[in-house]
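1. Pasting the sequence and the predicted coordinates here, then a few questions.
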Amino acid sequence: MNLRAVFRDIGIVLKYISPVFLLPVIVALAYGEYFTIIYFVFTFLPVFIAGIILEKIFATEDKTLLKDGLLSVALLWLLITLAATIPYIGIEKMALLPASFETMAAWTTTGFSMLVPEELTHTMLFYRSVQQWFGGVGIVVLALAGLFRTGASLYYAEARTEKVRPNIVNTIKMIWWIYALYTVVGIVLLFFAGMTPFDAINHSMTAIATAGLSTHSESIGYYNSPYIEFVVIILMITGSISFLSHYELLLGKTKKFFSDVFLRSLFVVIIFGALFVLKDNGLRSGLFTVVSAVSSTGYNLDTVGMWSDFSIFVLIVLMLVGGCAGSTVSGIKINRIVIAVKSVFWSVNRLKSPKRVFSRKICAVSYTDNLVVEVFKFMLMYLVFVMAGVFVFLYEGYELKVSMFQAVSAMGNSGLSVVSEYTPLSMFAAIMLMWIGRLEIWAVITLFGYLMIKSKLR
């Protein structure tokens, strides 16, 4: 492990991402909430200064290998979410653990929160949305828009593989253009659907990021508007589709866009999910919540905890599945589910006709045995971490249904919740699950593995 390259890259990313903490100052000035400004300045300065220092001290020409990138990304997400607690501690007078819970939920686009939106300042509401919006694409992807030459390994380490342009730099820039465009469109649509400008900005940011924090305790149910709900559904689905697919759509390649098997599978999952919960919850609430679950957004129209056990189980499955790879969603991802299902048919065909050669292509990509094994490895590790989370919630005295729902929601960065109060241990477990789920496991395992090796060498 090249620690010099690791800390150099951490410094560069911290330097580039630090201005994000100054954005809420604009809202503070607009709404006269001047007392909040100092907390955002004191968040920006340490992050910026730490970035400069690390970049200078650990300056090296060494290239960043993937293993170095994985370690950097795992540490970066912890450092950024820790630094982001300062406004929560200073303005909302929160302790470190619940403040960390809020920031991890925001940056990972999970959307869990113990705060009452109506009791927050406009500045803090916007701060939560800003974290979710930038977290939707990723901390590293934000910083790499800057950009520096070792970015490819960090880009892949943050669980991103899509390339809409020939190189990583142009890919990232195009991702941000698409992301910003859809956010602006969302703001306009939500405003004309009936939201105030402030609410439209916040909800468009968190909807396209499939994040889910709202400016109201009742979430989207506050508005009781079919028009707003329809726009939010469109935004959540948009956020669930890969940036590569959006790029092709914007280029006018509609046939290729709609023929994508992963995209069509996403719509099939949404339709069947809505049909399963239709009887108990109605079309309006059922469809909205199903899209919210599969897109890992977390918006709701009513209290999910009051739903039937069957409907709760459907939501758990949807949160496990998630949307398309290369989007802002979390979860196992529909791509892996499709590959896993098709691999079963490939195996059956091989057993029936061992000498015959079968096509193993999905969307023009050939899947070797090694690639399929990697998919199943990920799915296995994903479920192992979910079960570990369930174990902790059960140990803390929560019911099995509640424990499964919260663990899956945290790991899938969904934000739908059936818990009103956390114990310290369950809160810490949720933080860990959100972090592990957002980084898609391998970066966190790399960090844990490195720490274990170092501890054994002492």
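-> Yes, it's here.
2. need the next SSE after the one helix or strand residue 268 maps to, C-terminal direction.
-> Per DSSP states H and E, residue 268 falls inside helix 261-294. Per DSSP H and E, helix 261-294 leads on to helix 309-321 as the next helix or strand towards the C-terminus.
3. any idea which helix or strand comes after the helix or strand bottoming out on mean pLDDT in the chain?
-> Among the helical and strand segments of the chain, the one scoring lowest on mean pLDDT, DSSP states H and E is helix 151-157, with a mean of 59. Downstream of helix 151-157, the first helix or strand assigned by DSSP H and E is helix 168-193.
4. which strands and helices sit next to that next one?
-> helix 122-137, helix 139-144, helix 151-157, helix 197-208, helix 226-239, helix 243-250 (3 or more C-beta pairs under 8 Å, 6 or more residues apart in numbering; DSSP states H and E). In short, each C-beta sits where N, CA and C put it, glycine included.
5. Nearest to residue 58, out of the ones you listed?
-> helix 151-157 (14.8 Å; C-beta to C-beta).
6. what about residue 390, distance to residue 405?
-> Distance, residue 390 to residue 405, using C-beta to C-beta, to the nearest Å: 9 Å.
7. which residues of the stretch 301-450 of the chain fall in helices?
-> Applying DSSP state H, counting those that start in this stretch to the stretch 301-450 of the chain gives helices spanning 309-321, 334-352, 369-395, 400-411, 424-438, 442-457.
8. still on that earlier bit, go through the helix holding residue 268 and flag the buried ones.
-> Buried positions in helix 261-294, judged by neighbour count with 16 or more other C-beta atoms under 10 Å: 262-263, 265-266, 269-270, 273-274, 276-277, 281, 285-294.
9. quick revisit: so for residue 67, which of the helices of the stretch 301-450 of the chain sits nearest?
-> Closest among the helices of the stretch 301-450 of the chain, using C-beta to C-beta: helix 442-457, at 6.3 Å.
10. Now do the closest one against helix 369-395, angle only.
-> 80 degrees (axes from the mean of the first three to the mean of the last three C-alpha atoms, to 10 degrees).
11. Keeping just the C-alphas, turn helix 442-457 into PDB.
-> Extracted in PDB, the C-alpha atoms of helix 442-457 (Å, rounded to 0.1, in the frame of the first residue of the first chain):
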ATOM      1  CA  TRP A 442     -14.800  -3.200  -1.400                       C
ATOM      2  CA  ALA A 443     -13.300   0.100  -0.300                       C
ATOM      3  CA  VAL A 444     -14.300  -0.500   3.300                       C
ATOM      4  CA  ILE A 445     -13.000  -4.100   3.200                       C
ATOM      5  CA  THR A 446      -9.700  -2.800   1.900                       C
ATOM      6  CA  LEU A 447      -9.500  -0.400   4.900                       C
ATOM      7  CA  PHE A 448     -10.500  -3.100   7.400                       C
ATOM      8  CA  GLY A 449      -8.000  -5.500   5.800                       C
ATOM      9  CA  TYR A 450      -5.200  -3.000   6.000                       C
ATOM     10  CA  LEU A 451      -5.900  -2.100   9.600                       C
ATOM     11  CA  MET A 452      -5.900  -5.900  10.500                       C
ATOM     12  CA  ILE A 453      -2.600  -6.500   8.800                       C
ATOM     13  CA  LYS A 454      -1.000  -3.600  10.500                       C
ATOM     14  CA  SER A 455      -2.300  -4.700  13.900                       C
ATOM     15  CA  LYS A 456      -0.900  -8.200  13.400                       C
ATOM     16  CA  LEU A 457       2.500  -6.700  12.500                       C
END
